[in-house]
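K.L.:
Just a sequence and a predicted model for now, questions to come.
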Amino acid sequence: MAVVAIVEYGMSNLDSVARAIEYCGATPLVTDQPQDLAKATHIILPGVGAFNIGMTNLRARGFEEALNEHVIHKAIPFLGICLGMQFLANKGCEAAETPGLGWIEGQVVRLKGSAPEEKVPHVGWNCVDFAKASPLLEQIDSGKDFYFVHSFHLACANPDQVLTTTPYCGKFVSAVNKENIFGVQFHPEKSQKAGFQIIRNFLAL
C-alpha cells in the first residue's frame, strides 16, 4: 500500500487531504519532520496562504533540503496542491520577492481580471483544459470542473511543463508537470469525483 507523506509546515488544513488519501486507498502520513519523507512512497505538499510566509516556514522546518533529496535525487512521485504548486516556481512575487523551490520554470504573480465578472480571489468551480496527455489526467475529460481558491498563479515560462490551463483572468496555468513532479492549482481533495480520480492517478505513479 502506498504511504503518502503530507508535509505539515503550518499553512494548510491537512485533514481533508489526509481523508482523501485514505478514501483513495493509501495511508496518509502527516508530518512536520523532514526525516519522515524517507518512509513515503509518494509526497504531497498542500497549502493555502502567502508564498513568502509559506516558503519561510518550509525552509525553517528543514523541508527544502529533504524535498530536494527525495523528489529530485530519488525521484519520489510528488504533488503540490494550490500554494504547494506555487512553491515549485523559481520565485514568488507576493508581499516580498521570495525564492521558490525552482523545480518549475516561472514565477508566481497575482491574478488580474480581464472582465468585470472576474473577481480576485478566484473562488469556486472552474474548468480545467488539458494542454497535453498525462498519467495524472487519465479517466478525466478535458474541460472538467475543479474547485479553486487563490489570488496568485504560477506563470510558467516553459510550455513543455504546462499540463492544464483554466480560462479565467485571461487564462492561467492550473497544472504543471516535470518528470515525477506534478502541481495543481485547484484542490483535488475538494473536487469530488474528478478530484479523487486525480489522487488515484497520482497514487498509481
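P.N.:
Looks like it arrived, so ask away. Numbering: from 1, shown residues only.
K.L.:
hey, let's count contacts and neighbours off CA atoms from now on
P.N.:
Will do.
K.L.:
Between the two ends of stretch 155-166, how far is it?
P.N.:
12 Å (Cα to Cα, to the nearest Å).
K.L.:
Per-residue pLDDT of the residue lying farthest from the centre of the chain, please?
P.N.:
Going by Cα atoms, centre = their mean, the residue of the chain most distant from its centre is Pro116, 27.8 Å out. Pro116 carries a pLDDT value of 80.
K.L.:
Need phi/psi at it.
P.N.:
The phi and psi values for Pro116, taken as degrees, to the nearest 10, are phi -60, psi -30.
K.L.:
do Gly170 as well
P.N.:
Per degrees, to the nearest 10, the backbone of Gly170 is at phi 80, psi -90.
K.L.:
Surely it touches Ser114?
P.N.:
Yes. In this structure, Gly170 is within contact of Ser114 by Cα atoms under 8 Å, at 5.8 Å.
K.L.:
Quick one: neighbours of Ser16, just the number.
P.N.:
By the criterion of other Cα atoms under 10 Å, Ser16 has 13 neighbours.
K.L.:
That one is in what secondary structure piece?
P.N.:
helix 14-23 (DSSP states H and E).
K.L.:
Identify each buried residue in that helix, please.
P.N.:
Leu14, Val17, Ala18, Ala20, Ile21 (16 or more other Cα atoms under 10 Å).
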